[in-house]
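Enquirer: any chance you can model this:
(2 chains)
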Amino acid sequence: MTAPSITLRQRAWDAAAAVPDPELPVLTIAELGILRAVEIVDGRAEVSITPTYSGCPAMAAIALDIDAALRAAGIENARIRQVLSPAWTTDWLTAEARAKLAAAGIAPPAPASSGPRASSRLFDPSPPPCPRCGSTATERIAEFGATACKSLWRCTACREPFDHFKCH
Amino acid sequence: MTITSIDVAEDDLLAAVLARADDALILGHRLSEWCGHAPMPEEDLALANIALDLIGQARALYDHAASIEKSGHGEDDYAYRRDPYQFRNILLVEQPNGDFAQTILRQLLYSAFAHAWWQAMARSADAALAAIAAKSVPESAYHLRHSAEWTIRLGDGTEESHRRAQDALDALFPYTGEMFAIPVAETRLIADGVLADPAPIHPVWEQSLGRIFAEAGLTRPQPGWMQGGGRSGRHSEHLGPLLAEMQILPRTHPGAVW
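Expert: So this is what the prediction gives:
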């Protein structure tokens, strides 16, 4: 690979990596692990993204945003494609990304080391701590919240509702 | 002017992949029919989100089918330009929504199978199917949890909710056998490790449902005649009108894009 291509690839990655997630704008698509790779093929940028949920409707918006970001960086005619493997998982969220979610009032998913997946237990998912007051006296209002990836909870201590990013 | 239907190549793997895509698309479409009509806002959201997951799985499977057929057909061709006899979904998913109990029991019976099937498919010799499975496993876990919890609430609820849940279970159970039947053309695919064998899934499915029915106070219907034919393109009277509604817009405006 020649020096200009390495620079182009880095520029393309930097532009794409800065795109915020349309639903969770406190995080970029790079921090969420949606952005998987950027390659230069025949002088053209090829960006690979992976969906969080199979039917995530934000993927089309994300692809448009990536294209716009690349064009703003002077990179035209990019190809953006979805890859399904390896499957996206909330385990990829860094501690920093989790902290940003909590700061935005969204309870982050439990870290990978937290034992059996909540999704297999009926009526008894592990209550996430309230992102506002930290209490674990929280209860689930709805399995599906504003988006497929979130459920709706309320804190019985501070009485505020909050979204929870589901473990996946 | 309306556009003509497509012909699909004869190929065992293609047929098997299209069949599973059809399962997901038809069930997703049925759930989307609740949008704006569900008994409460939380369920309007829940059923729509489950529909979205299923349609996403269908799209991924249709994409894979396109890469197998290599005839220039894409996901929209498979979804909108095939006629009812060309669809290969199981009969269970095309059954009407009925009341809320019927929708929930249909989802329970399907998701309890789908979750176990996708877990097995994560080991498929076909890398694309394994990748689709890896995404579908956690999604189907949430579908199963949602419908299991509702089955328990309905079964162990009022006299009316219990009656409706039991009636739904009795009406839908004869459609479950088809999930475990193996079309002749798929035996080789199972032997090659491309498709998961449904046989070991059957007792797992029975056990998991058994626990839920016990807590719901519902009675598992007696073994009896099982419906079939969907995998061969022989459908109930419901698929035609469903597809007519689903396909009318793209067929009326050929080539239209958003």
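
Enquirer: in space, what's closest to residue B:196 - neighbours in sequence excluded?
Expert: The shortest distance from residue B:196 to any non-neighbouring residue, by Cβ to Cβ, 6 or more residues apart in numbering or on different chains, is to residue B:120 (3.5 Å). Where C-beta positions appear, they are placed from N, C-alpha and C, glycine not excepted.

Enquirer: how about residue B:92?
Expert: residue B:175 (3.9 Å).

Enquirer: residues near residue B:198, how many?
Expert: Neighbour count for residue B:198, taken as other Cβ atoms under 10 Å in any protein chain shown: 18.

Enquirer: residue contacts, it?
Expert: Counting by Cβ atoms under 8 Å, 6 or more residues apart in numbering or on different chains, residue B:198 touches B:113, B:117, B:179, B:180, B:181, B:182.

Enquirer: which of the residues you listed are buried?
Expert: Neighbour counting by 16 or more other Cβ atoms under 10 Å in any protein chain shown classes B:113, B:117, B:179 among the contacts of residue B:198 as buried.

Enquirer: of the contacts of residue B:198, list those near chain A.
Expert: Taking Cβ under 8 Å from any Cβ of the partner chain as the test, chain A is in contact with none of the contacts of residue B:198.

Enquirer: adding pLDDT and distance to residue A:55, write those out as JSON lines.
Expert: Formatted as JSON lines, the contacts of residue B:198 follow (pLDDT from 0 to 100; distance: Cβ to Cβ, whole Å):
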{"residue": "B:113", "pLDDT": "98", "distance to residue A:55": "20"}
{"residue": "B:117", "pLDDT": "98", "distance to residue A:55": "18"}
{"residue": "B:179", "pLDDT": "98", "distance to residue A:55": "22"}
{"residue": "B:180", "pLDDT": "98", "distance to residue A:55": "26"}
{"residue": "B:181", "pLDDT": "97", "distance to residue A:55": "28"}
{"residue": "B:182", "pLDDT": "97", "distance to residue A:55": "28"}
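
Enquirer: let me know the secondary structure of the residue of the stretch 1-150 of chain B found nearest chain A.
Expert: Going by Cβ to the nearest Cβ, chain A is nearest to residue B:56 of the stretch 1-150 of chain B, at 2.6 Å. Three-state assignment for residue B:56 (DSSP: H, G, I helix; E, B strand; the rest coil): helix.

Enquirer: what about it, neighbour count?
Expert: Look at residue B:56: counted by other Cβ under 10 Å, it has 24 neighbours.

Enquirer: wait, it sits on residue A:54?
Expert: Yes - counting by Cβ atoms under 8 Å, residue A:54 is a contact partner of residue B:56 at 3.1 Å.

Enquirer: does stretch A:82-89 reach chain B?
Expert: Yes - Stretch A:82-89 reaches chain B (Cβ under 8 Å from any Cβ) through A:84, A:85, A:86, A:87, A:88, A:89.

Enquirer: name the nearest residue to the residue in chain A positioned nearest to chain B, ignoring sequence neighbours.
Expert: In chain A, the residue that lies nearest chain B is residue A:55 (2.6 Å; Cβ to the nearest Cβ). Excluding the flanking residues, the one nearest residue A:55 by Cβ to Cβ, 6+ apart is residue B:56, at 2.6 Å.

Enquirer: and the stretch 151-258 of chain B, which residues reach chain A?
Expert: So the stretch 151-258 of chain B meets chain A at residue B:152 (Cβ under 8 Å from any Cβ).

Enquirer: which one is the residue in the stretch 151-258 of chain B that chain A sits nearest to nearest to, not counting chain neighbours?
Expert: For the stretch 151-258 of chain B, the residue closest to chain A is residue B:152, as judged by Cβ to the nearest Cβ, at 7.4 Å. Leaving aside its chain neighbours, residue B:152 sits nearest to residue B:216 (4.6 Å; criterion: Cβ to Cβ, 6+ apart).
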